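**Q** build me a model from this:
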Amino acid sequence: MADQKRLQGRPKLGNGKRVKKLDVRFTQEEYDLIIAMEKEFGISKTEILRMRVLNDAGRIIVNGAELLKVLDKAGAELGRSGNNINQLAKHANTLKLQGSVPPQVIGNFNRLMEEYIAIQRLLETSLRKIIRLMGK
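**A** Numbering: from 1, shown residues only. Take a look at the predicted model:
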């Protein structure tokens, strides 16, 4: 049992040891804000300050809960748009079987399809940006 290596303490840093310390004073409101950020983002006060002070552009702080809410709303909106497109397509097919498809139906379908594709492209672009910023 004495042969087993016991791990204790904090793991060693790969890039070098942090030996310099800064003392910083905050107002109570500023400190409360930092504590709220620590709870909200799930990272330590030290890491928050280090990220903000060093202005690490490769990493950003993302509120995961808020991001999920926005993505959920965007997904719901895309779902509604897709549902409208499907209803118009069904209506057009019914009218086609009857022998008459009014130009309004075709115009509405084309307009909704263009809006749907534009929203989908915007969402894809936004998600790629978020993933790129979070991944660095």
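
**Q** going forward, measure contacts between C-alpha atoms and count neighbours the same way
**A** Fine.

**Q** what's the neighbour count on Tyr116?
**A** For Tyr116, the neighbour count with other Cα atoms under 10 Å is 20.

**Q** looking at it, it is touching Leu78, isn't it?
**A** Yes - with contact defined as Cα atoms under 8 Å, Tyr116 counts as touching Leu78 (6.9 Å).

**Q** which residue is nearest the middle of this protein?
**A** The centroid of the chain falls nearest to Leu67 when counting by Cα atoms, centre = their mean (4.3 Å).

**Q** check which helix or strand covers it.
**A** Following DSSP states H and E, one finds Leu67 within helix 64-98.

**Q** mean confidence (pLDDT) on that helix, please.
**A** Mean pLDDT, helix 64-98: 81.

**Q** check stretch 114-127 too.
**A** Averaging pLDDT along stretch 114-127 yields 85.

**Q** which residues does that stretch contact?
**A** Here stretch 114-127 makes contact (Cα atoms under 8 Å, 6 or more residues apart in numbering) with 74, 78, 81-82.

**Q** how about 10 Å then?
**A** Stretch 114-127 is touched from outside by 71, 74-75, 77-82, 84-85, 108-110, 112-113, 128-130, 132-133, with contacts defined as Cα atoms under 10 Å, 6 or more residues apart in numbering.

**Q** can I get the buried part of the residues you listed as one ChimeraX selection?
**A** Selection of buried members from the contacts of stretch 114-127 for ChimeraX, criterion 16 or more other Cα atoms under 10 Å:
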select :78,81,82,84,85,109,112,113
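
**Q** thinking again about what came up before, what residues are shared contacts of Tyr116 and Leu78?
**A** The contact sets of Tyr116 and Leu78 overlap at Asn84 (Cα under 10 Å, 6+ apart).

**Q** would you map the helices across this protein?
**A** For the chain, the helices defined by DSSP state H occupy 28-41, 45-54, 64-98, 103-135.

**Q** which one of those lies nearest to Leu22?
**A** When the helices of the chain are compared by Cα to Cα, helix 45-54 sits nearest Leu22, at 10.8 Å.

**Q** show the average pLDDT along the closest one.
**A** 80.

**Q** buried sites along that helix?
**A** The neighbour-count check on helix 45-54 (16+ other Cα under 10 Å) flags 45, 48, 51 as buried.

**Q** that's all I had, so thanks and see you.
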